[in-house]
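Trainee: predicted model, plus sequence, below.
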Amino acid sequence: MSFLDRLMRRDLHSLAAPYALDALEPEERRRFERHLRGCVRCSAEVRALTEDAVRLAWSTAAPAPAVLRERVLAAVRTTPQDPAPQPSRARPAQSSSRARDDWQPARARAPRLRPLMAPLATATAAAALVVASLFAVQATQTRDELDRERAQAREIAHVLAAPDARATSERDAQGRGIGVVASASERRAVVTVSGLGTPSGGRVHQLWLMRPNENPLSLGLFDGDTPLVADDLSTRATSLAVTVEPHGGSAQPTTQPVVQLALESVGFGE
Amino acid sequence: MEADELLVLVAGGDQKAFEELYGLVSGPVFGLVRRVVRDPAQTEEVAQEVLLELWRSAARFDPGRGSALSWILTLAHRRAVDRVRSARAATEREQREGRRAHHPAFDQVAEEVEAGLEREWVRRCLDRLTSLQRQSVTLAYYDGYTYREVAERLSLPLGTVKTRMRDGLARLRECLGGAA
Ligand SMILES: [Zn+2]
């Protein structure tokens, strides 16, 4: 299982209480329900927490008006009942039995979903690989680095938690890659690069946000393979680019991009 | 008969069993919907939908996953929350469009009257939570806000709200354990 998958799962695990309180947005609710089918821990937690939430319900009980009883009982006499649901296993098994299986059926059931709006879970595996490789490289020892990694993981988890989180990535023939996990609604993105190597002479890799009719905006300098978290992104942004710049970075790009990534598929650009 | 047994009979099309089930659960369903939806006309509408849905989809109840009562109240809560959220969205739309949203007065009085023992217990237990736990739980459950909205209202990070909700419910469980 890739780092991204693990991260997604860890983040989903934390949704049991909001779910029991009906405090998830519809898309998130669906995502968590898919997760529930495969997660014993969350199913048990949801069952317990739901019982707790129901205690809150009991305290609000109040006699229903008599007219309601008449209306409901009258309706019952003429309303047909739904048949019992099929056991969930009876579904024809078209999808493979990979670990991420529980993500797949939604795509199959919702053919009208535009690719543009494809949820993160269905985004390219390449993006997951980019993130995973980064964190594999980062088996670092120092306290500072560990703390930073943890903070980063939190930031990433935050972006992933957005209902509209999407991922995309690009890799060229020389193996230079760039990946992004972004939420247009939160205007945040986590950007990762791979295979860029270390520029010589103290130079650095700088990340730029490209917007129509505006100068590129610096989103910061990469420190090795550590992801950059970008906040407050303009939703009109069209792409990301990485250039090699002198030590300390530049106000505007001074070289051609080494890698570039369009943001349309993650919900940006109008 | 218990709700669980009744629900099984209802799933088989037993209208008498439904009447009995109605007697058991209409009060809790109606009260819960009213607490969340608040507007009297909409409360009746949603409560009616929920009670009728019990009839229609009784076969979907799975005793292995919890009690009938919690299944019923969970369903009622979800429908109430859905309604209050779309009502809120409509109000915001109207306000954005500069139209004036007119709301029927909230039915506060009726709410005060129903001070049962259970309510008193829950209130006491809620008082034992930290203020952030209590607000996180009640804004979500009684007022129908998403945890994102709760986080915004309380100016807390999302992760903190999720934790407060979980810890709040756990503490509530401890406290109410003795009240059953
Ligand atoms: Zn889980």
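Mentor: Sure thing, it's come through.
Trainee: contacts and neighbour counts: CA atoms only from here.
Mentor: Noted.
Trainee: helices or strands next to the longest helix anywhere in chain B in the packing?
Mentor: Longest helix in chain B, counting residues (DSSP state H): helix B:68-96. Under the contact definition 3 or more Cα pairs under 8 Å, 6 or more residues apart in numbering or on different chains; DSSP states H and E, helix B:68-96 sits against helix A:40-58, helix B:3-11, helix B:15-37, helix B:40-57.
Trainee: and that helix, what's its mean pLDDT?
Mentor: Per-residue pLDDT over helix B:68-96 has a mean of 91.
Trainee: for it, buried residues please.
Mentor: Judged by neighbour count using 16 or more other Cα atoms under 10 Å in any protein chain shown, the buried positions of helix B:68-96 are B:68-85, B:91.
Trainee: what of stretch B:51-65?
Mentor: Quick answer for stretch B:51-65 (16+ other Cα under 10 Å): B:51, B:52, B:53, B:54, B:55, B:56, B:57, B:58, B:59, B:60, B:61.
Trainee: find the closest residue to the ion in chain A.
Mentor: residue A:13 (3.8 Å; Cα to the ion).
Trainee: and that residue, how far from chain B?
Mentor: Relative to chain B, residue A:13 is positioned 11 Å away (Cα to the nearest Cα, to the nearest Å).
Trainee: work out for me the element residue A:33 sits within.
Mentor: helix A:26-38 (DSSP states H and E).
Trainee: anything in that helix near chain B?
Mentor: No - applying Cα under 8 Å from any Cα of the partner chain, one finds helix A:26-38 out of contact with chain B, separated by at least 9.3 Å.
Trainee: quick one: is that helix near the ion?
Mentor: No - residues of helix A:26-38 are not located near the ion by Cα under 5 Å from the ion, the shortest gap being 6.3 Å.
Trainee: so for that helix, mean pLDDT?
Mentor: The model assigns helix A:26-38 a mean pLDDT of 92.
Trainee: in it, which residues are buried?
Mentor: Buried, per 16+ other Cα under 10 Å, within helix A:26-38: A:28, A:29, A:31, A:32, A:33, A:34, A:35, A:36.
Trainee: residue A:50 is in contact with residue B:173, correct?
Mentor: No - assessed by Cα atoms under 8 Å, residue B:173 is found out of contact with residue A:50, at 10.7 Å.
Trainee: okay, those two: which has more neighbours?
Mentor: Neighbour count, other Cα atoms under 10 Å in any protein chain shown: between residue B:173 and residue A:50, residue A:50 has more, with 24 against 19.
Trainee: I figured the more buried one hits residue A:22, correct?
Mentor: No - look at residue A:50 against residue A:22 with Cα under 8 Å: they stay out of range, at 9.6 Å.
Trainee: low pLDDT regions in chain B?
Mentor: Where chain B drops to pLDDT under 70, the residues are B:98-118, B:178-180.
Trainee: domain assignment for it?
Mentor: Chain B breaks down by automatic domain parsing into domains covering B:3-95, B:104-177.
Trainee: out of those, the one nearest residue A:242 is which?
Mentor: Of all the domains of chain B, it is domain B:104-177 that lies closest to residue A:242, at 30.8 Å by Cα to Cα.
Trainee: the closest residue to residue A:221 other than its chain neighbours pairs with what?
Mentor: In space, and not counting its chain neighbours, residue A:221 is closest to residue A:206: 4.4 Å by Cα to Cα, 6 or more residues apart in numbering or on different chains. Taking DSSP bridges as the rule, residue A:206 bridges to residue A:221, residue A:243.
Trainee: what is the burial count for residue A:206?
Mentor: Count around residue A:206 with other Cα under 10 Å applied: 23.
Trainee: quick one: contacts for it?
Mentor: Applying Cα atoms under 8 Å, 6 or more residues apart in numbering or on different chains to residue A:206 gives the contacts A:218, A:219, A:220, A:221, A:222, A:242, A:243, A:244, A:245, A:249.
Trainee: let's have these in TSV, adding pLDDT and distance to residue B:160.
Mentor: Shown next, in TSV, are these (pLDDT from 0 to 100; distance: Cα to Cα, whole Å):
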residue	pLDDT	distance to residue B:160
A:218	91	31
A:219	90	27
A:220	89	28
A:221	89	30
A:222	87	29
A:242	92	34
A:243	91	37
A:244	91	39
A:245	91	39
A:249	90	36
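Trainee: quick one: which of those residues is most hemmed in?
Mentor: Going by other Cα under 10 Å, residue A:242 tops the contacts of residue A:206 with 27 neighbours.
Trainee: residue closest to the middle of chain B?
Mentor: Geometric centre of chain B, nearest residue: residue B:77, 3.4 Å, by Cα atoms, centre = their mean.
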